[in-house]
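> when you get a sec, could you give me coordinates for this:
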Amino acid sequence: MTDLAIAANGLRKSYGDKTVLDGIDLAVPEGTIFSLLGPNGAGKTTAVKILSTLISPDPASGQIRVGGHDLATSPQAVRAAIGVTGQFSAVDGLITGEENMLLMADLHRLPKREGRQVTAELLERFDLVDAAKKPASTYSGGMKRRLDIAMTLVGSPRIIFLDEPTTGLDPRSRHNMWQIIRELVSDGVTVFLTTQYLEEADELADRIAVLNDGKIAAEGTADELKRLIPGGHIQLRFTDPAAYQNAATTLREANRDDEALSLQIPSDGSQRELRSILDWLDSAGIEADELTVHTPDLDDVFFALTATSQPAQPTQPKETVR
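Predicted coordinates for the structure are as follows:
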């Protein structure tokens with residue numbers, strides 16, 4: 001069994017009469033990306049603040065372990081194992097990028113020589129060498145986010161909390177940030193990611209949990225979550241009316257479009273079902289000119305599970321043509 005980087009049982013947090021987290025369970029294996037999705041106010045940032053020791057959970061919460069350490073009894077050990085990059089940049093714009101890095105090295109009590117070496121290595125890794133001597137206030141949004149994460153890595157954390165790290169970035173900077181996150185995980189780092197960008201979770205996360213009204217509404221891989229939502233289908237298109245009619249007569253459960261010469265067959269998009277359709281076409285001697293697999297995307301999942309909440313940033317529908 002893979003060891004868990006984060007394990008929380010019955011995590012609760014209330015402010016007065018308002019319950020923000022209502023007994024959620026989390027299990028994040030080491031060296032993976034776990035994404036927590038949810039509308040504004042769902043409790044994503046509260047969860048990050050608790051797991052990173054910034055605020056305390058309610059006393060009624062169960063045991064919480066981060067990096068193998070008990071959050072209640074060993075908060076200092078937890079802090080030594082983690083790094084946090086919040087929604088808003090922690091970069092000091094009045095000093096240079098290099099000075100921001102050296103300041104973090106001092107906070108981690110690294111010897112001066114080691115601090116300068118780590119700073120130089122991280123500035124190079126995050127393509128910030130040319131801007132290192134410039135005030136951070138002159139950096140673009142993407143550069144500031146890269147510097148943010150570089151600063152987080154000064155202490156060599158094995159678990160990193162990224163709370164909506166690409167908010168406000170342009171598409172190119174967002175994709176660059178995705179590559180950085182993938183590289184971190186390839187080095188064995190565990191990433192706990194909160195985001196409102198559904199495409200981001202789909203691209204990056206090994207597992208996704210949807211948080212709504214203080215509870216986990218669903219959890220699984222992106223594909224598993226998509227299969228929870230009805231509406232998936234396989235579409236066959238034909239140019240030969242005779243082939244279309246033959247297929248339509250045999251596949252009585254398919255939805256017909258006689259004008260477009262197309263058939264829609266309800267499907268969960270699984271490899272097993274696709275293989276079954278292909279085998280049937282082959283055995284019947286019917287050749288479709290186009291086969292398209294349509295599966296619900298994370299937009300559909302999100303809207304279905306958080307129907308009464310504010311929707312997240314939409315993404316384009318996805319379909320796979322084969």
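
> in PDB, list the C-alpha atoms belonging to the helix or strand hosting Leu147.
Leu147 belongs to helix 141-152 when elements are defined using DSSP states H and E. Output of helix 141-152 as PDB, limited to C-alpha atoms (Å, rounded to 0.1, in the frame of the first residue of the first chain):
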ATOM      1  CA  GLY A 141       1.700  37.500 -13.100                       C
ATOM      2  CA  GLY A 142       3.300  34.200 -14.300                       C
ATOM      3  CA  MET A 143       6.700  35.200 -13.100                       C
ATOM      4  CA  LYS A 144       5.400  36.100  -9.700                       C
ATOM      5  CA  ARG A 145       3.600  32.700  -9.400                       C
ATOM      6  CA  ARG A 146       6.800  30.900 -10.400                       C
ATOM      7  CA  LEU A 147       8.700  32.900  -7.800                       C
ATOM      8  CA  ASP A 148       6.000  32.000  -5.300                       C
ATOM      9  CA  ILE A 149       6.500  28.300  -5.800                       C
ATOM     10  CA  ALA A 150      10.300  28.600  -5.900                       C
ATOM     11  CA  MET A 151      10.100  30.300  -2.500                       C
ATOM     12  CA  THR A 152       7.900  27.500  -1.300                       C
END
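
> that helix - contacts with which helices or strands?
strand 82-85, helix 97-107, helix 112-125, strand 159-163, helix 171-186 (3 or more Cβ pairs under 8 Å, 6 or more residues apart in numbering; DSSP states H and E). All C-beta atoms are positioned from the backbone trio N, CA, C, and that covers glycine.

> hmm, 6 Å instead?
Helix 141-152 sits against strand 82-85, with contacts defined as 3 or more Cβ pairs under 6 Å, 6 or more residues apart in numbering; DSSP states H and E.

> may I have the strands that pair with the strand it packs on, each with its orientation?
strand 159-163 (parallel) (DSSP bridges).

> export the partner strand to PDB, keeping only CA atoms.
Output in PDB follows, covering the C-alpha atoms of strand 159-163 (Å, rounded to 0.1, in the frame of the first residue of the first chain):
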ATOM      1  CA  ILE A 159       4.000  18.100   0.600                       C
ATOM      2  CA  ILE A 160       2.900  21.300  -1.200                       C
ATOM      3  CA  PHE A 161      -0.400  23.000  -0.800                       C
ATOM      4  CA  LEU A 162      -1.300  25.000  -3.900                       C
ATOM      5  CA  ASP A 163      -4.500  27.100  -3.200                       C
END
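
> centre of the chain to that strand, how far?
From the chain centre to the centre of strand 159-163 is a distance of 11 Å (Cα atoms, centre = their mean, to the nearest Å).

> what angle separates it from helix 171-186?
Here strand 159-163 runs at an angle of 160 degrees relative to helix 171-186 (axes from the mean of the first three to the mean of the last three Cα atoms, to 10 degrees).

> ok, now which ones touch Val264?
For the record, residue 264 is Gln, not Val. Going by Cβ atoms under 6 Å, 6 or more residues apart in numbering, Gln264 touches 233, 235, 255.

> flag every buried residue along the helix or strand harbouring it.
Gln264 belongs to strand 262-266 when assigned by DSSP H and E. Judged by neighbour count (16 or more other Cβ atoms under 10 Å), strand 262-266 contains these buried residues: 262-265.

> from Phe302, how far off is the closest residue to Ala201 other than its chain neighbours?
Distance criterion Cβ to Cβ, 6 or more residues apart in numbering; nearest residue to Ala201, sequence neighbours excluded, is Ser35 at 4.1 Å. Ser35 sits 12 Å away from Phe302, going by Cβ to Cβ, to the nearest Å.

> and Ala205, by the same measure?
Where Phe302 is concerned, Ala205 sits at a distance of 13 Å (Cβ to Cβ).

> those two: which is more packed in?
Phe302 (29 against 22; other Cβ atoms under 10 Å).

> hang on, the more buried one in a helix?
Yes. Judged by DSSP: H, G, I helix; E, B strand; the rest coil, Phe302 forms part of a helix.

> where along the chain do the helices fall?
44-51, 75-81, 97-107, 112-125, 141-152, 171-186, 198-204, 222-226, 241-250, 271-284, 298-305 (DSSP state H).
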